[in-house]
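[1] coords below, sequence missing:
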Ligand code: NAD
């Protein structure tokens, strides 16, 4: 990966794509950004609009509407093209419509000579990421999806609110499908160095959080039912937002930017992206949201957490759902 000029090609300049682009600009996360959309006029207008913010940005950035051949020297191709989820529609319902869209995108991207990393946001994201891998023929470690990165952020936010702790100090993951079969492995959830399940009433007197920064709040009231409610809120968040404002985009835009920074900055950061499993958790071939070490080469490693038997079964069940969705699409 070149470090002199960090180039991102964005395919799909809708609400998600442009929230991502706006976030990239505000975080100075790349040096060159090419916008590609089947609606060329829209891509051009979006490029103009972003460029008019450059005078107020921290660093300069080259932003323009382009074509697939502009992907040839990109470090990342980020795909946000597709049809958005409608009220009441599950992510898996979108699969067939978006698979056709991807057939028209992946071929021209690879034909350009692109040799970087694919990052996919289009839903159902785990299956679309697997489709991208299959259509591109790329090494699976160079094809990743946003997976449960956003769900994990929602979980950390809600736990942080409940515990009155900065979400950055909440270490908990959502795993599996970005969708209805996702789950939270509570056995692996921590606040700083304290396991949340221990805080959850098991050693009440020893687990009183106090001191600066957490407002001296107690977490003794937290219980399994509350944790389950929080997990359900995370799962239902997209439906709730779509019901209120038709689509979700700011959160995913920032999640994509976080993953982009991990790749372009060669960070080796742990993020819950959708990655191909190659034996981890007893799964093969399927793409699912798992904590991974992300760097300039894409997925350096899938972290294998010490899940309980019950959690492992939830993960297997989620992977079965994803496998069934994938079968028959290509
Ligand atoms: P949108 O309708 O606003 O934008 C989609 C864009 O894709 C449009 O600009 C459209 O012109 C473009 N497009 C369509 N077909 C194309 C093609 N063949 N080639 C190039 N561009 C094409 O939708 P949105 O709200 O931005 O959502 C985009 C996708 O992101 C959806 O699949 C949505 O479900 C998904 N999404 C994912 C997450 C996540 O966490 N992974 C979160 C929110 C939304």
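    On my side now, so go ahead. These numbers come from a predicted model, not from an experiment. Residues are numbered from 1 along each chain as shown.
[2] nearest spatial neighbour of residue 264, skipping sequence neighbours?
    residue 6 (4.5 Å; CB to CB, 6 or more residues apart in numbering). All C-beta atoms are positioned from the backbone trio N, CA, C, and that covers glycine.
[3] and that neighbour, what does it touch?
    Going by CB atoms under 8 Å, 6 or more residues apart in numbering, residue 6 touches 29, 30, 31, 32, 75, 264.
[4] the ligand versus the third one, what's the distance?
    For residue 31, the distance to the ligand under the criterion CB to the nearest ligand atom, to the nearest Å works out to 23 Å.
[5] check the second one too.
    Applying CB to the nearest ligand atom, the value for residue 30 to the ligand is 19 Å.
[6] ok, that residue touching residue 263?
    No. With contacts counted by CB atoms under 8 Å, residue 30 stays clear of residue 263, the gap being 10.1 Å.
[7] give me the common contacts of the two.
    Both residue 30 and residue 263 are in contact with 75, 76, where contact means CB under 8 Å, 6+ apart.
[8] pretty sure residue 272 sits in a strand.
    Yes. Counting by DSSP: H, G, I helix; E, B strand; the rest coil, residue 272 is part of a strand.
[9] how near is it to residue 163?
    Residue 272 sits 20 Å away from residue 163 when distances are taken as CB to CB, to the nearest Å.
[10] please say which of the two ends up with more neighbours.
    residue 272 (28 against 20; other CB atoms under 10 Å).
[11] can I assume the more buried one is in contact with residue 149?
    Yes. Residue 272 lies in contact with residue 149 (CB under 8 Å); the separation is 5.4 Å.
[12] would you confirm that residue 262 contacts residue 292?
    No. Between residue 262 and residue 292 there is no contact under CB under 8 Å: 9.5 Å.
[13] what do those two both touch?
    With CB under 8 Å, 6+ apart, residue 262 and residue 292 have common neighbours residue 271.
[14] so the two - more neighbours on which side?
    Taking other CB under 10 Å, residue 262 and residue 292 do not tie; residue 292 has more neighbours (25 against 22).
[15] looking at this, that one is in a helix?
    No. If the criterion is three-state DSSP, then residue 292 is strand and not within a helix.
[16] what pLDDT does it get?
    Here the pLDDT value assigned to residue 292 is 98.
[17] hmm, it is touching residue 305, no?
    No. Between residue 292 and residue 305 there is no contact under CB under 8 Å: 11.4 Å.
[18] can stretch 288-304 be found next to the ligand?
    No. Using CB under 6 Å from any ligand atom, stretch 288-304 never reaches the ligand; the gap is at least 9.8 Å.
[19] can you get me the start-to-end distance on that stretch?
    In stretch 288-304, first residue to last residue: 13 Å (CA to CA, to the nearest Å).
[20] any buried residues in it, and which?
    By 16 or more other CB atoms under 10 Å, the buried positions in stretch 288-304 come out as 288, 289, 290, 291, 292, 294, 295, 296, 298, 299, 302.
[21] what does stretch 128-140 give?
    For stretch 128-140, by 16+ other CB under 10 Å, it's 128, 129, 130, 131, 132, 133, 134, 135, 136, 138, 140.
[22] can you tell me what sits against it?
    Residues outside stretch 128-140 that contact it (CB under 8 Å, 6+ apart) are 79, 82, 95, 98-99, 102-103, 106-107, 109-110, 118, 120, 122, 143-145, 147, 274-276, 278, 285-287, 298-299, 322, 326, 329-330.
[23] can you say which two of the buried residues of stretch 288-304 are spatially most distant?
    Greatest spacing in the buried residues of stretch 288-304, by CB to CB: 288 and 296 (23.0 Å).
[24] and the strands in the chain?
    For the chain, strands defined by DSSP state E occupy the ranges 7-11, 32-36, 62-65, 76-79, 117-120, 143-145, 170-171, 190-191, 194-195, 269-278, 284-295, 298-302.
[25] any chance you could map the helices in the chain?
    15-26, 40-51, 95-111, 125-136, 149-163, 196-197, 224-245, 250-264, 309-326 (DSSP state H).
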